[in-house]
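> The following comprises the amino acid sequence and a computationally predicted model.
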Amino acid sequence: PAHFPFDVWYGYHFDATLLGQFLARKATALGVRHLQGHMRQAVLDEAGDIDHLQLDDGSALSADLFVDCTGFSSLLIGQALQTPFISYAENLFNDAAIAVPTPHEGPIESQTVSSALGHGWAWQIPLTTRCGNGYVYSSAHCTADQAETELRRHLGLLDADVPARHLKMRVGRTAQQWHRNCVAVGLSQGFIEPLEATALLFVQRTAAMLVEVLERGDLGPAA
């Protein structure tokens, strides 16, 4: 109702793989050149900027501006340009996660369920074909095996042959999200947990701000 005293904020769950494929088709239709390959190394010029990327097929990709979307690896802004990383581990303890899918049981719910566990918290996200489940925990307070056992007990999967995927997280941020001729977007620029949904917000906001700067045509330090 109009008199409801709070803003209602919400988000949508997407299949990230399908969304990526859709965006690739959309960008290609708009004239973007879409290449797939594995980066062998980033080569710097004499001034210390990224000159080109060497790919494993022997080819090289040169550009004036590079966008680092390489996740926690931070291959460009972190490894190549040696941008300092500011850790938040002293205040945010959760640095590991386990993901386990389960089939739907009954109607598909319309919300994510978060539950407190012994060394962190668990999520359950309903998708169209399955439920995504996981446990975000502090590796300083329990082992990966202990955390997996706790999650399986929480889901009633102790005796089920369901594979689990283990993840390590680097909690914090780069000191500069735009360093020299490289802009970091997503996990390469930083990650804050347990406010996980902010990762998607950071990606969207960073992309929007980058577009705004590019449209102004100013790639100098003030940008």
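Received it, and whenever you're ready, just let me know what you need. Residues are numbered from 1 along each chain as shown.
> Quick check: phi and psi on residue 66?
Dihedral pair for residue 66: phi -120, psi 140, per degrees, to the nearest 10.
> what's it in contact with, if anything?
By CB atoms under 8 Å, 6 or more residues apart in numbering, the residues touching residue 66 are 42, 50, 53, 76, 181, 182, 183. Heads up, the C-betas are built off the backbone N, CA and C, glycines and all.
> roughly how far apart are residue 182 and residue 106?
47 Å (CB to CB, to the nearest Å).
> Of these two, give the one with the bigger neighbour count.
The neighbour comparison of residue 182 against residue 106 (other CB atoms under 10 Å) goes to residue 182, with 23 against 5.
> who does the more buried one bridge with?
Taking DSSP bridges as the rule, residue 182 bridges to residue 66, residue 179.
> the strands in this structure, which residues?
39-44, 50-55, 60-62, 66-68, 85-87, 96-102, 113-117, 120-126, 131-137, 165-168, 172-174, 178-179, 182-184, 190-191 (DSSP state E).
> quick one on the thing from earlier: just the buried residues from the contacts of residue 66, in PyMOL please.
Here is the PyMOL selection string for the buried members of those, based on 16 or more other CB atoms under 10 Å:
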select buried, resi 42+50+53+76+181+182+183
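> got the contacts of residue 66 as CSV, with pLDDT columns?
Output for the contacts of residue 66, formatted as CSV (pLDDT from 0 to 100):
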residue, pLDDT
42, 96
50, 97
53, 97
76, 97
181, 93
182, 96
183, 95
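> Let me know the closest of the contacts of residue 66 to residue 133.
Distance to residue 133, by CB to CB, is smallest for residue 76 among the contacts of residue 66, at 32.7 Å.
> In contact with the spatially closest residue to residue 48 that is not a sequence neighbour, which residues?
If the residues on either side of it in the chain are set aside, residue 48 comes closest to residue 180, at 6.4 Å by CB to CB, 6 or more residues apart in numbering. Counting by CB under 8 Å, 6+ apart, residue 180 touches 48, 49, 50, 81.
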